[in-house]
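Q: got a sequence here, can you build the structure:
(chains A, B and C)
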Amino acid sequence: MQRQYRLRRREDFARLRKQGRVWRHRVLVVSVIPNGLAHNRYGFITSKHLGKAVVRNRMRRRLREVVRRLHPLLKPGYDLAFIARQPLVDLSFPALYDVVWSLLQQANLIQPASPGDLQS
RNA sequence: CAAGUUGACCGGGUGAUCGCGUGUUAUCGCGGGCUAUGGCUCCGAUAAUGCGAGGAAAGUCCGCGCUCCAGAGGGCACGGUGCUGGCUAACAGCCAGACGGGGCGACUCGGUGGAAUAGUGCAACAGAGAGGCGUAUUGCCCCGGUCCAGAUGGACCAGGGUGAGGGUGAAACGGUGCGGUAAGAGCGCACCGGCGCAGGUGGUGACACCGGCGGCCAGGCAAACCCCACCGGGAGCAAGACCAAGCAGGAACGAGGGGCGGCCCGUCCCAUUAAGUUCCGGGUAGGUUGCUAGAGGCGGCGCGUAAGUGUCGUUCCAGAUAGAUGAUCACCGCCUGCCGGGAUUUCGGUUCCGACAGGUACAGAACGCGGCUUACAGGUUGGCUUGAGUC
RNA sequence: GUGGCUGUGGUGCAGUGGUUAGCAUGCCUGACUGUGGAUCAGGAGGUCGAGGGUUCAAAUCCGUCCAGCCACC
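A: Reported below is the predicted structural model:
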């Protein structure tokens, strides 16, 4: 995930938290807001009560990997924040992939002309 | 071979497909800044290439470097350390030793200054008595009286002596023997143990050993107050420096205010031409730097019992900032259990091969370093001790 | 990064060296009542966060570790 596609500023996160549209799942929450740019930007939030530093780092890396793979299939021009919840700690990588895919479908962020579902 | 003890070290590997951060070089950008129009610099992209978590990176329990507080001085308070000698930048660390406890032993554990020579305090319950020369319950002994028996004895009462026996307690003021006595007692003597005094020998020292003298009454708790010796100024990389952006001031009090933050002294700065304080209101939440070449790693040699240290050679080894150092898959390795087969056997086991199942830890740099402490699947290896057997 | 607080029956708290760790509430049993509540009587329930050390003796004193919470920049 290159630096230009990451959310890096405090005000961006504050804007997402105040005005973002939210889709929830048992293990993950996604907050979305248009950013007026030609590309998407992503942020990953793993709070301290999820576990120690090793656990938080691992979850953030796996989430980032899933989103990196889905990135070419998404509609551009949005900021997205992914907030991990406690059950995510024990989730396998394919299951995590399915969760992210279904959440982004709910949010209607998958490009209609996309080459297709990678799961198929 | 078994049991134990003590150090040193490692802590997954290979491949495939996608990725991330950073250094260097090159090229590019209707990109930004400066310009003497040669260029320089910043940012971004692409390519090549180098590097990219730990033994604890953890907990934050200590110590130091570094930075700022004008210079950083004295006293008190407060806090810390506490056997000796050494090492170190420093330490509550390490090394070597002393003393005391544990273990057959290798070895190991210890916050280990001061308790008659400063003083104060504490010790429940039990017990006669618990901290000063204090006590008399039972016991032992003596004297006197009464009664019984008449044998020199026994019972009771009053007085006195005693701290040896029993008993209480965590702790009761040395132990053994002889003398002594009405019974006893360091009351006296000998030896042993402890304490003190002065001395000798060895050791840098803690201390050890030796003989002498003294009187046997001075016990425990300072992780109780305290005393003694030594050490400590405060804050922390969100320290500090630079750049950019942005805003709006008003009211009241006011002769003092502030710098070292607990206090005082000393000293300096700013004020009385309005410094400062409080309240209301307004603005900012960005970037660069500090930032990694260091008490650095590895190896040789010299010195030292060692911790270490000197010198020579060699090497460059993470610098993120919503926070990189990875994700997925495959195969292998390692460990445990069970099953099958082979070898060996002192019939307890040991070992090799194969299959299946499960497991593969603790844990993520955030200025750096030295320690300590705690967590940790499993593995490699050196020394030493004790016991058994064989030659 | 720095400083501080708390941990004791199910719950909320006291106890800060000394006999068997208390109090309130809750819980159980019985009495009272037609029944319940209230009331009365009796009772159970504690590794004092964990593990070391000092002491004759530790919930209490001193280190280490664990968990939770707060404050400041």
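
Q: give me the residues contacting the helix of greatest length in chain A.
A: When chain A is scanned for its longest helix (criterion: DSSP state H), the result is helix A:53-70. Helix A:53-70 is contacted by residues A:1, A:42, A:44, A:46, A:48, A:50, A:80, A:82, A:84, A:88-89, A:93, A:96-97, A:100-101, A:104, A:118 when judged by Cβ atoms under 8 Å, 6 or more residues apart in numbering. (Glycine included, C-beta is placed from N, CA and C.)

Q: now which of these would you call buried?
A: A:42, A:44, A:46, A:50, A:80, A:82, A:84, A:88, A:96-97, A:100-101, A:104 (16 or more other Cβ atoms under 10 Å).

Q: ok, back up a step: of the contacts of helix A:53-70, which belong to helices?
A: Per DSSP H, the contacts of helix A:53-70 map to helices at A:Phe93, A:Leu96, A:Tyr97, A:Val100, A:Trp101, A:Leu104.

Q: now pLDDT and distance to RNA strand B too, for the residues you listed, in TSV please.
A: Compiled in TSV, the ones in helices among the contacts of helix A:53-70 are given as follows (pLDDT from 0 to 100; distance: Cβ to the nearest atom of the strand, whole Å):
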residue	pLDDT	distance to RNA strand B
A:Phe93	87	4
A:Leu96	90	8
A:Tyr97	90	9
A:Val100	92	12
A:Trp101	91	15
A:Leu104	92	18
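
Q: and which of these is nearest to A:Gly36?
A: A:Leu104 (20.0 Å; Cβ to Cβ).

Q: contacts only, for that closest one.
A: A:Val30, A:Leu70, A:Leu74, A:Ile110.

Q: likewise for A:Pro87?
A: So A:Pro87 contacts A:Arg26, A:Val27 (Cβ under 8 Å, 6+ apart).
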